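quick one, fold the following:
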Amino acid sequence: MHLDHTIIPTKNTVSTAAFYADILGLTNLGHYEPFTAVAVDDNLKLLFNKKESFEPRHYAFIVTEQEYTDIFSRIKNSPEITFGDSPADRTNKQVYFSSDREGFYFDDENGHILEVIKHL
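Sure, this is the predicted structure:
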């Protein structure tokens, strides 16, 4: 069994899909009736649904060392994106370390909290 998709509420489906594709290195699937979508892997798709109001959510991605390096580089080179070491402080420009993980948090353009995790 695997998860096929999850629906993420957004204010602008096209720009949000482009953001996830560009920053996280995902494949932008474009219009995916009636959503806009990106592929996380061969199974999981993030389907962006236009909503006027919604509560921000948290999405965590476990990535390879190379993916982590690439994503972190794109974030540091994007002056409009801040990152931090906790969901409560996503602007302190720190990463967190636990016994077997390294990671950081940042926001998408809708206020959803994204977490990128690398196993050490």
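
how about the strands of this protein, start to end?
For the chain, the strands defined by DSSP state E occupy 5-10, 27-32, 35-39, 45-50, 58-63, 96-97, 101-107, 113-119.

out of those, which one sits most buried?
Highest mean neighbour count of those: strand 35-39, a mean of 21 (counted as mean count of other CB atoms under 10 Å). (Glycine included, C-beta is placed from N, CA and C.)

contacts for it next, please.
Contact with strand 35-39 is made by 5, 7, 13-14, 16-17, 20-21, 24, 26-30, 45-49, as judged by CB atoms under 8 Å, 6 or more residues apart in numbering.

before we move on, back to that, adding mean pLDDT and distance to residue 73, write the strands of the chain out as a markdown table.
Below are those laid out as a markdown table (pLDDT from 0 to 100; distance: least, CB to CB, whole Å):
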| stretch | mean pLDDT | distance to residue 73 |
| --- | --- | --- |
| strand 5-10 | 98 | 24 |
| strand 27-32 | 96 | 19 |
| strand 35-39 | 98 | 19 |
| strand 45-50 | 98 | 22 |
| strand 58-63 | 98 | 13 |
| strand 96-97 | 98 | 18 |
| strand 101-107 | 98 | 12 |
| strand 113-119 | 97 | 12 |
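
out of the ones you listed, which is closest to residue 81?
Proximity to residue 81, assessed across the strands of the chain by CB to CB, is greatest for strand 101-107 (5.6 Å).

off-centre distance for the closest one?
10 Å (CA atoms, centre = their mean, to the nearest Å).

domain assignment for the chain?
Annotated domains of the chain cover 1-54, 56-120 [automatic domain parsing].

and the last one, end to end?
Taking CA to CA, to the nearest Å as the measure, domain 56-120 stretches 29 Å from start to finish.
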